[in-house]
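[1] only geometry, no sequence info:
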């Protein structure tokens, strides 16, 4: 029995180390992916360093300075309450990136749990879970998130949960599909014939080999999550505290000043677009790096 | 084929049943006390709560409430709004044409521009044209509809005064809402009012169509490149067929297959995107109705609209799958 173990396990371990090593090398040679990584780094740095580099308090406005255009004193101008737009965009990065990324993580965790149980167990369990997923997928994503926020109430955690739940069916389906595809692979059959428990086979052998598409999808989902979170804020379903700078809510607050102060739309809008571009470029780069056959 | 359609319809039943249970519980388990309290919000007084609980049956046992709810649904009764007292179904019939018009406008824009762009990029892979098309599609998926909507409104409305940015038709024009499709009603009214209706549709369609535009461009490009490398395309060229004939008869016919699936999926996504677009352009459709209903705590309307959106979404997916079988003789559903 010793030989089959060696045959079954060793190639998996070696292939997986090699895969990640090669993928990283390919990623670092991918120009667009590096641009994406650069955008993300800039925003993450801005979010972390906001208390040190923002010139004004983002929650305190000077009413006599309201609706001033961009200048040296206010790089991105001021809003209707005289708050410094640049400081608010910087602080907004904290909310938007954190909420967006954590929402995707929630969705990923939920999706992995459901997808692993469905794909690992199969049979009735799989059937029931997939019908539940069908129900959730029948409601278009942002509408599901809107309904959930309306139900859960305002707040950052609620938004993370709502967006996360709206993403988890997609992850669950993806993981289940990958798991089903590798269920009859040689190394899984070998592990099974060795007497490994179903849970061990799932966790040690199947999941690590099924994660690649999930990682790519999660990176791309971070881009749409940032857009969705801003969309909720835009619809008045944001964190709920008007003092908190959130890109989507900043846009809503500015829409009556489209004529007189278009920069109030421009800067938070550009922040959302550039961070979404960052995650989209990185996601595409990761996909090409992890599956070189896709590159043309 | 008939068997396939029937089977798909049968599969839809448990999904709709599950959704109806979730939506039923959504209303009953709203935080803030009970459904009556949640609907009334800050206006809740013990008398009003008791009154609404009695008329809506919130005071009965849950299973009894569910049976009443599902019984009403099956009779087409989706309840009525707490704000204006009108039946959800009545308001829906008035507002849905607006959303349909917007969705179709966005689809025309996305298909009409996305497929030629994708073909163009595929014909010159890895050239500067390809790079420009890739950047356009990257922007398309990265820009939220409301950011693009305001940008378009600012440039073409506020600055250039070329296009209207508000509503479906100029309210000063004497147009009777007959069909509630702004363009058709404007045609019926005559006087070339239809030009005004179409001009109102342009900016919202572009804003809503940006994401599908990006998706179609990418899929077309990938699919055309894929098919172009097939043996039968090489054979067709070797036979001496013209470029045009090879493109139309051999490449595009096959490249259309993945596109139809994606076009169907995006139609569902467009309905959801309409929620944001309609809010930006003050469009009188179902999407903006969802938003105002949530803001007004009109949860019975929200509950019904989510169900309607899901039914539309599932119907579109079914049509796509059936259409796919017609287009692709290699697939036979049995």
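    Alright, I've got the coordinates. A quick note: this is a predicted structure, and the numbers were derived from the prediction, not measured. Numbering: from 1, shown residues only, chains lettered A, B, ... in the order given.

[2] show me where chain B has helices.
    Assigned by DSSP state H, chain B shows helices spanning B:2-28, B:35-40, B:46-56, B:62-74, B:88-123, B:128-142, B:145-152, B:182-189, B:193-228, B:231-238, B:243-245, B:253-280, B:286-295, B:299-327.

[3] neighbours of residue A:133, just the number please.
    When neighbours are defined as other C-beta atoms under 10 Å in any protein chain shown, residue A:133 has 22 of them. C-betas here are computed from N, CA, C, even on glycine.

[4] residue contacts, it?
    A:114, A:118, A:169, A:172, A:173 (C-beta atoms under 8 Å, 6 or more residues apart in numbering or on different chains).

[5] ok but the third one is inside a strand, no?
    Which is residue A:169. No - assessed by DSSP: H, G, I helix; E, B strand; the rest coil, residue A:169 does not belong to a strand; its assignment is helix.

[6] widest-spaced pair of the contacts of residue A:133?
    Farthest apart among the contacts of residue A:133 by C-beta to C-beta are A:118 and A:169. That separation is 11.1 Å.

[7] which of the helices of chain B comes out lowest on mean pLDDT?
    Mean pLDDT is lowest for helix B:35-40 among the helices of chain B, at a mean of 77.

[8] residues in contact with that helix?
    Contacts for helix B:35-40 (C-beta under 8 Å, 6+ apart): B:27-28, B:30-32, B:44, B:48-49, B:52-53, B:56, B:58, B:82, B:297-300.

[9] a markdown table for the helices of chain B, including mean neighbour count?
    Formatted as a markdown table, the helices of chain B follow (neighbours: other C-beta atoms under 10 Å in any protein chain shown):
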| stretch | mean neighbour count |
| --- | --- |
| helix B:2-28 | 15 |
| helix B:35-40 | 20 |
| helix B:46-56 | 14 |
| helix B:62-74 | 13 |
| helix B:88-123 | 20 |
| helix B:128-142 | 18 |
| helix B:145-152 | 25 |
| helix B:182-189 | 19 |
| helix B:193-228 | 23 |
| helix B:231-238 | 13 |
| helix B:243-245 | 10 |
| helix B:253-280 | 21 |
| helix B:286-295 | 21 |
| helix B:299-327 | 19 |
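
[10] who wins for most neighbours among the contacts of residue A:133?
    Going by other C-beta under 10 Å, residue A:172 tops these with 29 neighbours.

[11] roughly how far apart are it and residue A:178?
    11 Å (C-beta to C-beta, to the nearest Å).

[12] likewise residue A:28?
    26 Å.

[13] neighbour-wise, which of those two wins?
    A side-by-side neighbour count of residue A:28 and residue A:178, using other C-beta under 10 Å, places residue A:178 first with 20 against 12.

[14] skip the chain neighbours and tell me the closest residue to residue B:264.
    residue B:320 (2.8 Å; C-beta to C-beta, 6 or more residues apart in numbering or on different chains).

[15] isn't residue A:264 up against residue A:77?
    Yes - the pair residue A:264 / residue A:77 is scored as a contact, 6.9 Å apart, by C-beta atoms under 8 Å.

[16] okay, and the common contacts of the two?
    By C-beta under 8 Å, 6+ apart, the residues touching both residue A:264 and residue A:77 are residue A:85.

[17] ok, which residues in the stretch 51-200 of chain B are in contact with chain A?
    Proximity of the stretch 51-200 of chain B to chain A, by C-beta under 8 Å from any C-beta of the partner chain, involves residues B:125-126, B:138-139, B:141-144, B:146-147, B:150-151, B:153-154, B:158.

[18] sorry, back to before: quick check: neighbours shared by residue A:172 and residue A:178?
    With C-beta under 8 Å, 6+ apart as the test, residue A:172 and residue A:178 reach no residue in common.

[19] is stretch A:159-178 in proximity to chain B?
    No - using C-beta under 8 Å from any C-beta, stretch A:159-178 stays clear of chain B, coming no nearer than 10.3 Å.

[20] so for that stretch, what gets flagged as buried?
    For stretch A:159-178, a neighbour-count test (16 or more other C-beta atoms under 10 Å in any protein chain shown) marks A:159-176, A:178 as buried.

[21] next one: stretch A:102-122
    Quick answer for stretch A:102-122 (16+ other C-beta under 10 Å): A:102-108, A:110-112, A:114-120.

[22] more neighbours, residue A:264 and residue A:77?
    residue A:264 (27 against 22).

[23] leaving out chain neighbours, which residue sits closest to that one?
    residue A:254 (3.5 Å).

[24] distance between the strand or helix carrying the one you found and the chain's centre?
    Element membership for residue A:254 (DSSP states H and E) is helix A:247-254. Centroid separation between helix A:247-254 and its chain, computed with C-alpha atoms, centre = their mean, to the nearest Å, is 21 Å.

[25] what packs against it?
    With contacts taken as 3 or more C-beta pairs under 8 Å, 6 or more residues apart in numbering or on different chains; DSSP states H and E, helix A:247-254 sits against helix A:85-121, helix A:212-234, helix A:263-290, helix B:145-152.

[26] could I get those helices as CSV with distance to residue B:168?
    CSV is the format used below for the helices and strands packed on helix A:247-254 (distance: least, C-beta to C-beta, whole Å):
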stretch, distance to residue B:168
helix A:85-121, 32
helix A:212-234, 21
helix A:263-290, 23
helix B:145-152, 15
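
[27] tell me which of these lies nearest to residue A:151.
    Comparing these by C-beta to C-beta, helix A:212-234 comes nearest, at 12.9 Å.

[28] and the closest one with chain B, contact?
    Yes - applying C-beta under 8 Å from any C-beta, one finds that helix A:212-234 is in contact with chain B at A:223, A:227, A:230, A:231, A:234.

[29] who wins for neighbours among the residues you listed?
    residue A:230 (34 neighbours).

[30] hmm, who's touching stretch B:237-253?
    Contacts for stretch B:237-253 (C-beta under 8 Å, 6+ apart): B:119, B:224, B:227, B:228, B:232, B:233, B:236.

[31] run the last query once more with 6 Å
    B:224, B:227, B:228, B:233, B:236 (C-beta atoms under 6 Å, 6 or more residues apart in numbering or on different chains).

[32] the second one contacts residue B:257, correct?
    No - the pair formed by residue B:227 and residue B:257 falls short of the contact definition of C-beta atoms under 6 Å, at 9.1 Å.

[33] report the set of residues contacting both of these two.
    Common neighbours of residue B:227 and residue B:257 (C-beta under 6 Å, 6+ apart) do not exist.

[34] low-confidence ranges in the stretch 151-296 of chain A?
    A:292-296 (pLDDT under 70).

[35] kindly provide the distance from the nearest residue to residue B:86 once chain neighbours are set aside to chain A.
    Nearest residue to residue B:86 in three dimensions, chain neighbours excluded: residue B:80, at 6.0 Å (C-beta to C-beta, 6+ apart). Distance, residue B:80 to chain A, using C-beta to the nearest C-beta, to the nearest Å: 19 Å.

[36] please, where are all the strands along the stretch 51-200 of chain A?
    Secondary structure of the stretch 51-200 of chain A (DSSP state E, counting those that start in this stretch): no strands located.
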